[in-house]
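Chemist: After the sequence you'll find the predicted model.
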There are 4 protein chains.
Amino acid sequence: MAPGPKKGILERLDAGEIVIGDGGFVFALEKRGYVKAGPWTPEAAAEHPESVRQLHREFLRAGSNVMQTFTFYASDDKLENRGNVVGFTGQQVNEAACDLAREVANEGDALVAGGVSQTPSYLSCKSENDVKAIFKKQIDVFIQKNVDFLIAEYFEHVEEAEWAVQVLKSSGKPVAASLCIGPQGDLNGVSPGDCAVKLVKAGAQIVGINCHFDPVTCVKTVKLMKEGVERAGLKAHYMVQPLAYHTPDCSCQGFIDLPEFPFGLEPRILTRWDMHKYAREAYNVGIRYIGGCCGFEPYHIRAVSEELAPERGFLPPASEKHGLWGGALEMHTKPWVRARARREYWEQLKPASGRPTCASMSTADCWGVTKGHSDLMQHKEATSQDEMTELFHKAQAKN
Amino acid sequence: MAPGPKKGILERLDAGEIVIGDGGFVFALEKRGYVKAGPWTPEAAAEHPESVRQLHREFLRAGSNVMQTFTFYASDDKLENRGNVVGFTGQQVNEAACDLAREVANEGDALVAGGVSQTPSYLSCKSENDVKAIFKKQIDVFIQKNVDFLIAEYFEHVEEAEWAVQVLKSSGKPVAASLCIGPQGDLNGVSPGDCAVKLVKAGAQIVGINCHFDPVTCVKTVKLMKEGVERAGLKAHYMVQPLAYHTPDCSCQGFIDLPEFPFGLEPRILTRWDMHKYAREAYNVGIRYIGGCCGFEPYHIRAVSEELAPERGFLPPASEKHGLWGGALEMHTKPWVRARARREYWEQLKPASGRPTCASMSTADCWGVTKGHSDLMQHKEATSQDEMTELFHKAQAKN
Amino acid sequence: MAPGPKKGILERLDAGEIVIGDGGFVFALEKRGYVKAGPWTPEAAAEHPESVRQLHREFLRAGSNVMQTFTFYASDDKLENRGNVVGFTGQQVNEAACDLAREVANEGDALVAGGVSQTPSYLSCKSENDVKAIFKKQIDVFIQKNVDFLIAEYFEHVEEAEWAVQVLKSSGKPVAASLCIGPQGDLNGVSPGDCAVKLVKAGAQIVGINCHFDPVTCVKTVKLMKEGVERAGLKAHYMVQPLAYHTPDCSCQGFIDLPEFPFGLEPRILTRWDMHKYAREAYNVGIRYIGGCCGFEPYHIRAVSEELAPERGFLPPASEKHGLWGGALEMHTKPWVRARARREYWEQLKPASGRPTCASMSTADCWGVTKGHSDLMQHKEATSQDEMTELFHKAQAKN
Amino acid sequence: MAPGPKKGILERLDAGEIVIGDGGFVFALEKRGYVKAGPWTPEAAAEHPESVRQLHREFLRAGSNVMQTFTFYASDDKLENRGNVVGFTGQQVNEAACDLAREVANEGDALVAGGVSQTPSYLSCKSENDVKAIFKKQIDVFIQKNVDFLIAEYFEHVEEAEWAVQVLKSSGKPVAASLCIGPQGDLNGVSPGDCAVKLVKAGAQIVGINCHFDPVTCVKTVKLMKEGVERAGLKAHYMVQPLAYHTPDCSCQGFIDLPEFPFGLEPRILTRWDMHKYAREAYNVGIRYIGGCCGFEPYHIRAVSEELAPERGFLPPASEKHGLWGGALEMHTKPWVRARARREYWEQLKPASGRPTCASMSTADCWGVTKGHSDLMQHKEATSQDEMTELFHKAQAKN
């Protein structure tokens, strides 16, 4: 598809191109049976490579320009904390993830991005050197496997993200940094604008938001980051990879605060039409790296690609199986379904939940605990029954 | 895994075993980018076999005992009507589907079921012989590929289903028959009880319901079928493969009548906990072949398998990546999420939609047109712009 | 306003005129501070006559042609059971209520209807003679005060209603009979059609439904009554006086089964536009005595009068303070509110609840206990703490 | 009831007493058929005095300590603008309103408050002198009728409220000032804290919020006012008289922006239990003058009185017809309703709307026009058809 070497991430963004990201692997593979919710670790890269390869391929077909290595929470400290029962080392998981991403990236016009994320070491108040050493081990694999660029993503504390960026930067590869925070700022109250400035100063060329909040909220937060960067007289590219869940009712820690997290989020899943709106809003705000996180399935990314097809000049491969704006319904058996083959029909639809005894909003938990709080000290063992009982009572007392 | 020849479908059911079905391939693969909504045809079996193989494998891991060939709407008349642009013949698609199902079935304790479904020929008032000839062509492939049993599924008119059963029966293999109707009966008003009697008399050993309605409604309808069969002094096994969407507000033609069909159904998706309730209710009613249809993802089938693990005596392979009743959340980073690692938490949760400007129920279309109505005559061409405009006005006039 | 003697109720109905009823006094006066929820007795007629007079006057202004005496639950057995602490005898309450109704009726074109309702004696399995004696005492007052006609209303058992009709009939005045049942029939399972036939045979010239269900359900039930009467070759006039609360989710005993009864029903209150629809549907079904019950405020009755103004040929007095279909909003300060002065705006509005953490439907209690059940034996004392605890546990066990 | 002269408003507040306000007369009397929505003028004081007297009496029974004269929008410029068709002069209306308030106040422990509100003259950019002259005419009546204190209420612009306070202050009577703004401040963007400081400096001894927003929002806004006053080193008493409608979704101009205003607000009405929460929160914030505005019916005020009975030491008269926390349900016929006679039952109830095809939140209009905008220039004539069409298109363009 792409003869000659591919353009790098910065070349694309500098040229004003739109870069489509991929979706959230841990949630998608949890539903397919390969990832365990709770630990959320990516051992499937080594244990069930066919499942990871297939998901990469689906996102590629949907229009993704980035194959992010399936290395979320693949740091050694996390794998160990979360009970690394499958017998693969962190290095094995990271290597396998790089190979899979590269294999599929080569099937189309996609780059490979090596990703690191926040660590239990930081939450447990380990030293800057200790935390950086954790990142360094993953980067070593990424460099050896020659990924195209690096992403530090899913950080709740900008300080830890800065440390990660500093380590990633040492590789000489382009660096993106993405926090999982909302408009109120990071868990220490640093505003989105200030966070962005810190990340750019630490060396990130691309900054933005991923996970924890819905598209509306994430785009709004990136806008605040952009305003901060511009106010500081700096320059950056912007990325956004939100949830595919509506979260109008969540508070400081995003969807983790919602009572539905993580096993009752279905009614909140965005439709493909919600994704059209999201892609357009992100574009209008000036974001050019537009992807997704937890909850995104391939058809969500395809919808992003289809919305931005006029700007990009082409549709993704998977659109051969999709009539734009429901157009393929012209072939449906029932005439009244054929009558839905129109953009305005889907743009105006307000989908019902089919759950008349459920409400539309939840009351969020909001513990507000953060780094340093004893409840967050990570330990290897699963929570004991006594600890569970105590937590349960604390949770009740909050409500 | 299974040394020696596997037990057949009737052997299992006669012995009182629970047989877990799989989920709906067209909807799952539409979201993955391999099936086109509207035509809903299964050319991916030949065109992108790796995607179909992977989905089979995920359902096998989730506990499915049946790999249904991905041959929905794979009759020649349908493929032609829906614009068979990809260049595979019906025979090629059916053969490829059989091979994929067999390959994965052999990886575990699953049987292969060849499936046929309602035809445009019937809707267009072709003769009994013409319609039966259509079924015969698919059966020929199934016999040649030596599937383990046959399913006639997704019929809105019991008459066409009887014809299908008669053709399938000629193969000598066990036959299951499954209608897509609700408690009000088929589109000609034949009651579920009478439908079931007709199907049993036509030769089906297993009868039931699939698609079009939510689990609550489908289980209720199978119960009516069972009561009809017993009243008639007959015997049968029962199956149910409902939608994974809540549809309290749909009318005669099920979810197709809902304004959200097919691209705005997300808020209606069942959670895994809804699936536990469904599996238990189906079991309590006396249904022993319990699976899913449109909307079911592998984790939904896993939930069915987990609910019925006490009766079956074992968990499915994919449960290694799932703590029962959310138990794996004991390993979650945040303490308040760890407090959700309890059955009662998830059983009592009423998930919010996150859509405060959307209602919980829709007003269903209900055209009530059926076989013989001119609007249902199938033609090869996509609906023209003029026809679309006319349909649109008809649809508006209904509301 | 009406020189010469007024036309009687049967003269009006025989002539095809529409008769507008009034609204439910116990609920309206509970909100104004004069009736106690629980006992629901009408001692205010004697204790605070100005409040009852004012409410009569408001309904008269709203278009009511019937001033129903405020004698609900004013039988001696009920007053005694419910703790007649205010020191008025049943006779005093009934007499005061007649005087107030007559005073206001004379201010316009309204008739006075004396009303009786179901008795604790019947629920406690007293004899037919005992129950009839209870009714007789109220009728004696009504005859002495020369009301224009009589209504037996709010009966859950058609048998008791027949007894009441027989007693009322002995007065020689026209008799209306109104049950508080839904489409499923009375609490002994007698269908609406059969109930209506029994009431007509007992001597009622007007039959229908009041209370317990919303307008949609009540109109549907009266339609079933009408079909029953016509099937039996009989003749009658029809009346309907539903709740002003939406009750799509209630079961056998109507809104009393809803968890919101009686102190959390606010979100269910019908708008004036809902009342337009109700009035039109009732009229279309052939009902000519159209009023309201619990929840109806004067503006609800005015909306009924306004909807039927084309048929009646005039508007009610209170319409001088109401622009039809919101027309008076043309005088609102804000321009965007002036833009709402249109019929189509209000007809299409789907009003939001403003309660995003509440659902749209409840799960109804459904005890299904009826006459003869020990829990329904009426006693003079308030429920004891021990009995309350027992009830509470029974209620929980039902859910 | 109260021998000797009553304590004045400031005496009470200075002594730390709670003063219970009344509810909103225009909305309550609109539903009873005496006020026209749109103009919202109080000619009923002269035209139908019995209706106004009765409503005063109900609030007195419910616990109100203030009988506010029914003089909302009773300035001459407003009466004229809104089509003063009934033939009473502004002076006649104001005098009648004073007499009615005084008559009922004398029946209990209540004070009479003369009220003025914002004027069309201000919105139409008349001079400070012209606007003050309008207020002066009403004050003259209040002084002549010797009301106990004065309230300037329902102002969207603090500037106009200051002018009003200055005029009221000249009377020598205690002055309260109440804006109809939310946490975002007045329509010119002056913050609640700054507004409060301006009002206190203009001479108001009591400052606060009424109308436009729900109790949660109003209490929050008064809290901001209090913080502003305290920051400025000033002193004041605080009042709050919110809507009885839930308005989580309204924007700058409060419930007027909601599509349901004013004829579809029913689903938003607060229950009596919501009022308990409101009263407690208002008290906890330090507000001591606690009443209501549009939507408040007498039972809402009674709930406020009952919640604060422990602090006040007594229940209001109307509580004789109300079991605290539903206690009177112990006398209900049905056992499962008797089981609801408990505080925890009502505190935990989340009332359903009974409207499954309606959403829980609306999308607010938000025109944001304010004083000086040509659309707000008040004229005597009703909006013409052409103007209406133009408004309609503007309104659509906003959405």
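Modeler: All right, it came through fine. Residues are numbered from 1 along each chain as shown, chains lettered A, B, ... in the order given.
Chemist: Remind me what the helix or strand hosting A:Lys198 packs against, helices and strands.
Modeler: Assigned by DSSP states H and E, A:Lys198 belongs to helix A:192-202. Helix A:192-202 is packed against helix A:158-169, strand A:175-179, strand A:206-210, helix A:215-231, with contacts defined by 3 or more Cβ pairs under 8 Å, 6 or more residues apart in numbering or on different chains; DSSP states H and E. The C-beta positions use only the backbone N, C-alpha and C, and glycine is treated the same way.
Chemist: What average pLDDT does stretch A:259-274 get?
Modeler: Mean per-residue pLDDT for stretch A:259-274: 97.
Chemist: circling back to that earlier point, can you tell me which of the helices and strands packed on helix A:192-202 is nearest to chain B?
Modeler: Of all the helices and strands packed on helix A:192-202, it is helix A:215-231 that lies closest to chain B, at 10.9 Å by Cβ to the nearest Cβ.
Chemist: Next SSE downstream of the closest one?
Modeler: Where DSSP H and E defines the elements, the next helix or strand beyond helix A:215-231 is strand A:237-241.
Chemist: check whether the following helix or strand past that following strand contacts chain B.
Modeler: Counting by DSSP H and E, the next helix or strand C-terminal to strand A:237-241 is helix A:272-285. Yes. Using Cβ under 8 Å from any Cβ of the partner chain, we find that helix A:272-285 touches chain B at A:Arg272, A:Trp273.
Chemist: Against which helices or strands is helix A:272-285 packed?
Modeler: Partner elements for helix A:272-285 (3+ Cβ pairs under 8 Å, 6+ apart): helix A:215-231, strand A:289-290, helix A:298-307, helix A:343-348.
Chemist: Run through who's touching that helix.
Modeler: Applying Cβ atoms under 8 Å, 6 or more residues apart in numbering or on different chains, the contact partners of helix A:272-285 are A:18, A:215-216, A:219, A:222-223, A:226, A:238, A:240, A:242, A:244, A:246, A:270, A:290, A:299-300, A:302-304, A:306-308, A:311, A:346-347, A:349, B:263-264.
Chemist: Pull out the buried residues from the residues you listed.
Modeler: For the contacts of helix A:272-285, a burial check counting by 16 or more other Cβ atoms under 10 Å in any protein chain shown picks out A:18, A:215-216, A:219, A:222-223, A:226, A:238, A:240, A:242, A:244, A:246, A:270, A:290, A:299-300, A:302-304, A:306-308, A:346, A:349, B:263-264.
Chemist: Spell out which residues of the stretch 1-150 of chain A are next to chain B.
Modeler: Along the stretch 1-150 of chain A, the residues adjacent to chain B under the rule Cβ under 8 Å from any Cβ are A:30-39, A:50-51, A:54, A:57-58, A:61-62, A:82-83, A:120, A:123.
Chemist: Do a quick rundown of the strands in the stretch 51-200 of chain A.
Modeler: For the stretch 51-200 of chain A, the strands defined by DSSP state E, counting those that start in this stretch occupy A:66-68, A:111-117, A:149-155, A:175-179.
Chemist: any chance of those strands in JSON lines, plus mean pLDDT and mean neighbour count?
Modeler: Formatted as JSON lines, the strands of the stretch 51-200 of chain A follow (pLDDT from 0 to 100; neighbours: other Cβ atoms under 10 Å in any protein chain shown):
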{"stretch": "strand A:66-68", "mean pLDDT": "98", "mean neighbour count": "27"}
{"stretch": "strand A:111-117", "mean pLDDT": "96", "mean neighbour count": "26"}
{"stretch": "strand A:149-155", "mean pLDDT": "98", "mean neighbour count": "27"}
{"stretch": "strand A:175-179", "mean pLDDT": "98", "mean neighbour count": "30"}
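Chemist: Could you dump those into CSV and include distance to chain D?
Modeler: Output for the strands of the stretch 51-200 of chain A, formatted as CSV (distance: least, Cβ to the nearest Cβ, whole Å):
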stretch, distance to chain D
strand A:66-68, 35
strand A:111-117, 35
strand A:149-155, 30
strand A:175-179, 28
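Chemist: And the helices in the stretch 1-150 of chain A?
Modeler: Using DSSP state H, counting those that start in this stretch, the helices of the stretch 1-150 of chain A run over A:9-14, A:25-32, A:44-47, A:49-62, A:76-81, A:90-105, A:120-123, A:128-144.
Chemist: Quick one: closest of those to chain C.
Modeler: Comparing these by Cβ to the nearest Cβ, helix A:25-32 comes nearest, at 25.1 Å.
Chemist: Just the buried residues of the closest one, please?
Modeler: A:Phe25, A:Val26, A:Phe27, A:Ala28, A:Leu29, A:Glu30, A:Lys31, A:Arg32.
Chemist: Return the distance of it from the chain's centre.
Modeler: 12 Å (Cα atoms, centre = their mean, to the nearest Å).
Chemist: and the angle from it to helix A:298-307?
Modeler: Relative orientation of helix A:25-32 and helix A:298-307, computed by axes from the mean of the first three to the mean of the last three Cα atoms, to 10 degrees: 130 degrees.
Chemist: Could you give the number of residues near the spatially closest residue to A:Glu160 that is not a sequence neighbour?
Modeler: Distances taken as Cβ to Cβ, 6 or more residues apart in numbering or on different chains put A:Tyr122 closest to A:Glu160, at 4.5 Å, once the chain neighbours are dropped. For A:Tyr122, the neighbour count with other Cβ atoms under 10 Å in any protein chain shown is 25.
Chemist: thought A:Tyr122 was touching A:Glu162?
Modeler: No. Counting by Cβ atoms under 8 Å, A:Tyr122 sits too far from A:Glu162 to count as a contact (11.3 Å).
Chemist: contacting residues for A:Leu100?
Modeler: A:Ala45, A:Pro49, A:Val52, A:Arg53, A:His56, A:Thr69, A:Phe70.
Chemist: Chain D versus the fourth one, what's the distance?
Modeler: Which is A:Arg53. Distance of A:Arg53 to chain D, given as Cβ to the nearest Cβ, to the nearest Å: 42 Å.
Chemist: Please apply the same query to the second one.
Modeler: Going from A:Pro49 to chain D by Cβ to the nearest Cβ gives 45 Å.
Chemist: Surely that residue touches A:Cys98?
Modeler: No. Applying Cβ under 8 Å as the test, A:Pro49 and A:Cys98 come out as separate, 11.7 Å apart.
Chemist: okay, those two: which has more neighbours?
Modeler: Each of A:Pro49 and A:Cys98 has its neighbours counted (other Cβ under 10 Å); A:Cys98 has more, 23 against 16.
Chemist: give me the low-pLDDT residue ranges for chain A?
Modeler: A:1-4, A:81-86, A:367-369, A:376-385, A:388, A:391-399 (pLDDT under 70).
Chemist: residue contacts, the residue positioned nearest the centre of it?
Modeler: In chain A, the residue lying closest to the centroid (Cα atoms, centre = their mean) is A:Cys293, at 3.0 Å. Taking Cβ under 8 Å, 6+ apart as the contact definition, A:Cys293 lies against A:Gly23, A:Gly24, A:Asn210, A:Cys211, A:Gln241, A:Pro242, A:Leu243, A:Ala244.
Chemist: Chain D: which of the residues you listed is nearest?
Modeler: So of those, ranked by how close each gets to chain D (Cβ to the nearest Cβ), first place is A:Leu243, at 20.2 Å.
Chemist: State the distance from A:Gly326 to A:Cys98.
Modeler: Taking Cβ to Cβ, to the nearest Å as the measure, A:Gly326 falls 38 Å from A:Cys98.
Chemist: just to revisit the earlier point, would you mind giving the helices and strands packed on helix A:192-202 as TSV with distance to C:Ala74 added?
Modeler: Output for those, formatted as TSV (distance: least, Cβ to Cβ, whole Å):
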stretch	distance to C:Ala74
helix A:158-169	73
strand A:175-179	70
strand A:206-210	67
helix A:215-231	58
